[in-house]
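>>> Fold the following and give me the result.
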Amino acid sequence: MNSFELGNLIKDRLGAVGLSQYVDDAREQYLEFPDGFFAEVVLKDGSKLSEAQRLVNSIEEELRKQGVELNAIVRATWEIVRVENKGWAPPDSGGFHRFVVTLRSGNRECAVTVDMTGVAVAMVARAFEDGALREFGPDKNLALVGIVREFVRTELSYGGESYWDPTLDSGLKLNEDALSYLTTQKVSGRF
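Purely as a prediction, here's the structure:
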């Protein structure tokens, strides 16, 4: 078996249960390594994740019995529906500014929280007062929302072993290092 054959096997099985229409062909990948295979199945509808995961797990088990190792990821693509600024989290949370981000993938929605550190909030306020970061929003509060939106978009853009599944990990932290990276990338035109 090679990676092309593996891709066909997975696609055929997905098609047999009516899931092939939900596969994002541009993002899926099937790779061959000396010790086995890697498959990344990407769906356009998060409501189909459980069904697709069960099917891919059964293929992994079937191949394992044949002496073929398969490391597979089944994930969905998500879009940001809205970002809500909830203000400062309770003091016992560590002094974070909390945002709730609603995501959608096909027929599934989920909410995640993003906690921005107090230092990162202060950096945004200082930079905004100095005339920077206006590309994220016309005032400081909208700039904070814009930065969180960009942060979540960046996290969602990673594939392979680095992907983030918002249905399994519904909380992100945005600290000063992540803020510096985001603002540098945005200003340099890399987004």
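
>>> measure Gln29 to Asn141 for me?
Taking CB to CB, to the nearest Å as the measure, Gln29 falls 39 Å from Asn141. From N, CA and C alone the C-beta is placed, and that goes for glycine too.

>>> hey, where'd the helices end up in this protein?
For the chain, the helices defined by DSSP state H cover 3-16, 49-65, 118-129, 140-157, 176-187.

>>> So which elements touch the third one?
Pointing back at helix 118-129 there. strand 96-105, helix 140-157, helix 176-187 (3 or more CB pairs under 8 Å, 6 or more residues apart in numbering; DSSP states H and E).

>>> mind giving me JSON lines with these and columns for mean pLDDT?
Shown next, in JSON lines, are the helices and strands packed on helix 118-129 (pLDDT from 0 to 100):
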{"stretch": "strand 96-105", "mean pLDDT": "96"}
{"stretch": "helix 140-157", "mean pLDDT": "92"}
{"stretch": "helix 176-187", "mean pLDDT": "79"}
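
>>> Met123: which of the ones you listed is closest?
Shortest distance between Met123 and the helices and strands packed on helix 118-129, using CB to CB, is found for helix 176-187: 5.9 Å.

>>> which non-adjacent residue is nearest the residue most central in space within the chain?
Nearest residue to the geometric centre of the chain (CA atoms, centre = their mean): Leu156, 2.5 Å. Counting by CB to CB, 6 or more residues apart in numbering, the nearest residue to Leu156 once its immediate chain neighbours are dropped is Trp78, at 5.3 Å.

>>> rewinding a little: which of the helices of the chain is buried the deepest?
For those, average neighbour numbers computed from mean count of other CB atoms under 10 Å are highest in helix 140-157, which has a mean of 19.

>>> which residues sit against it?
Residues from elsewhere that reach helix 140-157 (CB atoms under 8 Å, 6 or more residues apart in numbering): 77-78, 80, 83, 85, 97, 99, 101, 103, 112, 114, 116, 121, 124-125, 128, 133-137, 164, 166, 172, 174, 178-179, 182-183, 185-186, 191.

>>> repeat that with 7 Å
Contacts to helix 140-157, defined as CB atoms under 7 Å, 6 or more residues apart in numbering, come from residues 78, 80, 83, 85, 99, 101, 114, 116, 124-125, 128, 133, 136-137, 164, 172, 174, 178-179, 182, 186, 191.
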